[in-house]
Structures are given as C-alpha cells and as structure tokens.
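Q: Build me a model from this:
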Amino acid sequence: MDARQLQALLMTADVGSFTRAAARLGVTQPTITNRIKALEQALDTILLERLPGGVRPTRSGQAVLPYAREIVRLSAEMEHAVTAPGEPRGRVAVGSLESLTNHRLLPLIEYLHVRYPGIEFSLHASDPWDSVSRVRSGQLDCAFLIGAALQHDDLEVGLLCPEPLALVTGCHPASTGAAGAEGTGPSFGTVLLCSDVDVSFCKLVASQAVAGATRHRRTLKLNSIEAAKHSAANGIGVALLPEVAVAREIAEGTLRRVDWEAPERTYTQAVWRRSKAPDPALEVVLAAARKVVRED
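A: Predicted coordinates for the structure are as follows:
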C-alpha cells in the first residue's frame, strides 16, 4: 500500500462517490477505483460497500480510516521536513461550538493566520457529541467543547478555562409564568431551550423544572444560540446556555438569570486523538488556543 491509495480511500469515504473523489483529487475515476482495489487486495478485505447511490465504508473500512488519515498526514509532514524544514505546516481541521467560535476562538483564527501561514486551519461548526465522534474517526484533528471535565480512554483532553452555564428567561411578565419572582425557578409551563450544551445537563434542568408537576414538559433542542436567546426573550421558555453567550443580554436586561446552579463545574476544553507520532501543526493550534483563551 502507499499514501495515494490511502488518500483515494479517505476522499471516497468522505464524499461517498468514486466520481466525486476523482474530481477532488484531480485524477480519473478508474484511477481512484484501481487504487482502492489495490488497497483492498493488500489488506485482504473489502473497505467500501458499493451501493446504487454511491459507496460507504464497511466495518473494516471504518477501522482503517483513522490509521489512513494518520499515515497520509505523516507522509505529507515527512515530505515537508525534507523540502522545507523549520516552520510548522499542515492541515488542522477543528470542530467548535457556535458560542466558543463567537466568544472565545475568533482571536485564534487571526493569530494562526498572521503567525503560521504554513498551517491550513479550518473551523467546523458541530455539536459536542458529533465533534467527539469525528475526532475519533479522524475527520477532525481536534474539537473545542463545553462540559464537565471528563476522561476518554482513547482521547486526550485539555481544560482551557472554566465555562459556567446560565439558565435564562425573558424579563417580561409572560416569561415569568406561575413561578413569579426571580430566583424561584422557571414555571412548570416552561419549554426548555438548549444549544451548545451537553444533553445530560438539559435533562437535569428539565427534571428540576417539572419537579412535582403533573403536566407534560417538552425539551426543545435548538442548534442556534441566537434562536435560543431570542425564543427565551420572547417568553417561549428558559434557555440553558454558556454564560459568556448571554452576558451582554443579561447586562442589558433583555434576559434575566434564573436561580439555578449546575451540578458540576463546566469548562471549555480541547479534545484530540492520542498518537505516538507528534503533529507539530496540531500542537501549534492547541498552544495558540490556550494562549488566546487565557488572554481573553
């Protein structure tokens, strides 16, 4: 096997088509097919399942993909070390929550652009569980999340800073409901709004909000921070969000904090795959993230 075969496999698995993979890599479709066939023969297993609408990785293919990504990365890094040693280079794909991108990581993009032009940095919006899954599969090099400090058997975790959550609602009477005054918690008629937050916290808040009530409650999961804030401000329900994402609205009086305390401390944290081979470009990104978050 060689890196071109692995690259053909990775691209085909990512786009789900031999034809689209060929177009992305600038080769013919038969070239892609032959490279993957040669790889399957070398490993003595089928890596891609051929379907009427495209292809998808088999179980063996899923197992091979993370290793293939690492080998392709190391091959490119080795070539660069010979032809242009010194400055870190390479691609780093990062997953991030909307709140972290907007309130924590924008300086990171500028910092990397100015200081490390050899690093091709891309930021992808995704929810916490999707990010972790894509880091494990090798589709992302690392992800920035908000949550309790957890350990993963197969992943490295770095805590960047405390990131408290806030439960907020609108400030007009319609948003107060039966509970009434601030500090008494959301009313039983509340719909819980969640975004960028671990679902376990959402379920906990929902159970606290409806304790002792007989009416059915709903949990509304929104993927947009702005939609969650707007809905809460208009009396639709309470929103569980990172405090940094609602600090301005609380100060301006468009949202008010509900008296609620998270059961665990939560943090902005980075998650990446364990590897025996160093990745200088990823190490630069992680170090830069620590720097910009600390300075913020």
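Q: Only C-alpha atoms from now on, for both contacts and neighbour counts.
A: OK.
Q: how is this structure carved up into domains?
A: What the record gives for the chain is the domain set 3-83, 90-162+266-295, 165-257, from automatic domain parsing.
Q: ok, for Arg273, nearest residue in space, not its chain neighbours?
A: Excluding the flanking residues, the one nearest Arg273 by CA to CA, 6 or more residues apart in numbering is Leu155, at 4.7 Å.
Q: Distance-wise, check the one you found relative to Val132.
A: Using CA to CA, to the nearest Å, Leu155 is found at 9 Å from Val132.
Q: do the same with Ser99
A: Plainly put, Ser99 is 17 Å away from Val132 if you go by CA to CA.
Q: One more: Phe18?
A: Taking CA to CA, one finds Phe18 at 27 Å from Val132.
Q: hmm, back to that, tell me if I'm right that the residue nearest to Arg273 and Ser275 touch.
A: No - using CA atoms under 8 Å, Leu155 is not in contact with Ser275; the gap is 9.1 Å.
Q: The two: which is more packed in?
A: Set Leu155 next to Ser275 and count neighbours by other CA atoms under 10 Å: Leu155 wins out with 15 against 11.
Q: and the more buried one, what does it touch?
A: 136, 271-274 (CA atoms under 8 Å, 6 or more residues apart in numbering).
Q: Go again with 10 Å.
A: For Leu155, the contact set (CA atoms under 10 Å, 6 or more residues apart in numbering) comprises 132, 135-136, 142, 271-275.
Q: now swap in Phe121 and tell me
A: Per CA under 10 Å, 6+ apart, neighbours of Phe121: 90-94, 109, 112-113, 281-282, 285.
Q: Mind doing that once more with 6 Å?
A: Neighbour list for Phe121: 91-92 [criterion: CA atoms under 6 Å, 6 or more residues apart in numbering].
Q: Give me the secondary structure label for it.
A: strand (DSSP: H, G, I helix; E, B strand; the rest coil).
Q: Going by neighbour count, which residues of stretch 249-266 are buried?
A: Within stretch 249-266, the residues that count as buried by 16 or more other CA atoms under 10 Å are 249-250, 254-258, 260, 266.
Q: Please apply the same query to stretch 37-53.
A: Under the neighbour-count criterion of 16+ other CA under 10 Å, stretch 37-53 has 37, 39-40, 46-48 buried.
Q: if we can go back for a sec, which of the contacts of Leu155 tops the neighbour count?
A: Greatest neighbour count in the contacts of Leu155, by other CA under 10 Å, goes to Cys142: 27 neighbours.
Q: Touching, that residue and Arg91? I think so.
A: No - the criterion here is CA atoms under 6 Å, and Cys142 misses it with Arg91 at 11.6 Å.
Q: can you pull out the strands in the stretch 1-150 of the chain?
A: 48-51, 54-57, 90-96, 119-125, 142-148 (DSSP state E, counting those that start in this stretch).
Q: and if you look at the stretch 151-296 of the chain?
A: Using DSSP E, counting those that start in this stretch, strands in the stretch 151-296 of the chain cover 155-162, 165-170, 191-194, 219-221, 237-242, 255-257, 266-273.
Q: Mean pLDDT added to these, as CSV?
A: Shown next, in CSV, are those (pLDDT from 0 to 100):
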stretch, mean pLDDT
strand 155-162, 92
strand 165-170, 88
strand 191-194, 72
strand 219-221, 77
strand 237-242, 86
strand 255-257, 91
strand 266-273, 91
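Q: do you know which of those lies nearest Val27?
A: strand 266-273 (30.7 Å; CA to CA).
Q: And the helices in the protein?
A: Per DSSP state H, the chain carries helices over the ranges 3-15, 18-25, 29-43, 59-83, 98-100, 106-115, 128-137, 173-176, 199-209, 225-233, 243-252, 280-295.
Q: Gln151 is nearest to which of those?
A: Gln151 lies closest to helix 128-137 among those, at 12.2 Å (CA to CA).
Q: any idea of the angle that closest one forms with strand 119-125?
A: With axes from the mean of the first three to the mean of the last three CA atoms, to 10 degrees as the basis, helix 128-137 and strand 119-125 are set at 140 degrees to each other.
Q: about what we covered before: if you compare the strands of the stretch 1-150 of the chain, which one is most tucked away?
A: strand 142-148 (a mean of 26; mean count of other CA atoms under 10 Å).
Q: what's in contact with it?
A: 94-96, 128, 131, 135, 265-272.
Q: now the residues you listed in a markdown table, with distance to Leu25?
A: What follows is the contacts of strand 142-148, written out as a markdown table (distance: CA to CA, whole Å):
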| residue | distance to Leu25 |
| --- | --- |
| Val94 | 22 |
| Gly95 | 24 |
| Ser96 | 27 |
| Pro128 | 30 |
| Ser131 | 25 |
| Val135 | 23 |
| Arg265 | 45 |
| Thr266 | 42 |
| Tyr267 | 39 |
| Thr268 | 36 |
| Gln269 | 34 |
| Ala270 | 31 |
| Val271 | 29 |
| Trp272 | 27 |
